[in-house]
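Q: Can you look at this prediction? I've put the sequence above it.
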Amino acid sequence: MIIVMKTGAPRENAQAVSDRLAELGYQVHPIFGVEKTILGAVGDPSLDKVEAREQILGYEGVEEVVFISKPFKFVAKESKAAKSIINVGGVEIGGNEVIMMAGPCTVESESQLMITAEAVAKGGAKILRGGAYKPSTSPYSFQGMGVPGLELLKEAGRRYGMKVITEVMHVRKVEEVAKYADILQIGTRNMQNYELLQEVGTTRIPVMLKRGMTSKLEEWLLAAEYIASKGNEQIILCERGIRTFEPYTRNTLDLAAIPAIRNLSHLPIVIDPSQGTGRREIVPSMSLAAVAAGTDGLLIEVHPDPDHALKDGAQSITIESYNALMPKLVKVAEAVGRRMAEPAVAIG
Ligand code: PEP
Ligand code: MN
């Protein structure tokens, strides 16, 4: 950490800070300038760095406390020699192949799910998405089918040869959802539900951690650190759009998060252009842009009849639109040196 003292702050202030830093286990290197004093603190402190920063900020005469290394370690880029590859029952996320995860926002019925699953699998999806427990802004909107929905997902995955990703919303449900899911999805609203993060951290099932809709990259990576610090390092990050002042799109999809995460972490990152835009006609463009920008996968909502979807119909693409998108994605992936599964059947 670097501690910048206020202009004109008396030496005793810097001394008090140095004493506390030394108590915490830091070696302190002061620089006394004409106007300002700067303290460089290095070492392996007893107190968590974020806590230490908070504490030091409260000391008299302190202007600024800056980290020189990241406050997270397991998920930091420096902690691994190469990018992590998450193996989901044979499907590798984070390798050369860009993985398509597609399906309805929410499991609504057997026929809706099976029709969608068959189509997305044929189009090249390796992972089936679908919510059985849905976080809803309104308590009166559909909350998901629960266990019967999970059973349908598992069956659809088995039938069409895909792994399944589905959301878990509560610590009490982790065990139940884990029986059906190949990837546990942590939704944007739960990115800061630290108990839930720790609970999925105790499992050995891959976790997809969505970015909180108002979270900074550092907060997102610290949330991932909660999972990793409990022993589960099978983490996939998912950018799903953040809140901005722009209401035309439901969220503002932050594609710069892809190269930014590459600089900061070894974890793979996937883009969700469905929640990320809220508008079905924008989803294909943003999917192509995400692949061009180096995403490791896409999470896309597809519905056989989006105009009658129980949830997120406006942002769900039709099967036809999905089929038109897949061959274009394959080409963009090739152009940037990546691979993407070819549609299994001729699409016309
Ligand atoms: C979803 O994937 O349908 C969903 C609810 O995602 P988010 O948590 O990003 O809103
Ligand atoms: Mn949705």
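A: Yep, it's here. Please read all numbers here as calculations on a predicted model, not as lab measurements. Ligands and ions are numbered 1, 2, ... in the order given.
Q: Would you indicate which residues of stretch 28-42 are buried?
A: Buried residues in stretch 28-42, counted by 16 or more other Cβ atoms under 10 Å: Val28, Pro30, Thr37, Ile38, Leu39, Ala41. In this view, the C-beta of every residue, glycine as well, is placed from N, C-alpha and C.
Q: What's opposite the fifth one in the beta bridge?
A: When assigned by DSSP bridges, Leu39 has beta-bridge partners Ile3, Pro30.
Q: who's in contact with the top helix by length along the chain?
A: Secondary structure of the chain per DSSP state H: the longest helix is helix 319-335. Contacts to helix 319-335, defined as Cβ atoms under 8 Å, 6 or more residues apart in numbering, come from residues 98, 100, 102, 115-116, 119-120, 123-124, 280, 283-284, 287-288, 291-292, 298, 300, 302, 304, 317, 339-343, 347.
Q: picking up where we left off before, got the buried residues of stretch 28-42 as CSV, with distance to ligand 2 and pLDDT columns?
A: As requested, these are arranged in CSV below (distance: Cβ to the ion, whole Å; pLDDT from 0 to 100):
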residue, distance to ligand 2, pLDDT
Val28, 50, 94
Pro30, 53, 93
Thr37, 52, 95
Ile38, 48, 96
Leu39, 48, 96
Ala41, 45, 93
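Q: Alpha carbons of the longest helix of the chain, as CSV, please.
A: What follows is helix 319-335, C-alpha atoms only, in CSV (Å, rounded to 0.1, in the frame of the first residue of the first chain):
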residue,chain,number,x,y,z
ILE,A,319,-35.1,-20.2,-33.0
GLU,A,320,-34.9,-18.8,-36.5
SER,A,321,-32.8,-15.8,-35.4
TYR,A,322,-30.6,-18.2,-33.4
ASN,A,323,-30.1,-20.4,-36.4
ALA,A,324,-29.2,-17.3,-38.5
LEU,A,325,-26.7,-16.1,-35.9
MET,A,326,-24.7,-19.3,-35.3
PRO,A,327,-22.9,-19.5,-38.7
LYS,A,328,-21.9,-15.8,-38.4
LEU,A,329,-20.5,-16.5,-35.0
VAL,A,330,-18.4,-19.3,-36.3
LYS,A,331,-16.9,-17.0,-38.9
VAL,A,332,-16.1,-14.2,-36.4
ALA,A,333,-14.6,-16.8,-34.1
GLU,A,334,-12.3,-18.0,-36.9
ALA,A,335,-11.4,-14.4,-37.8
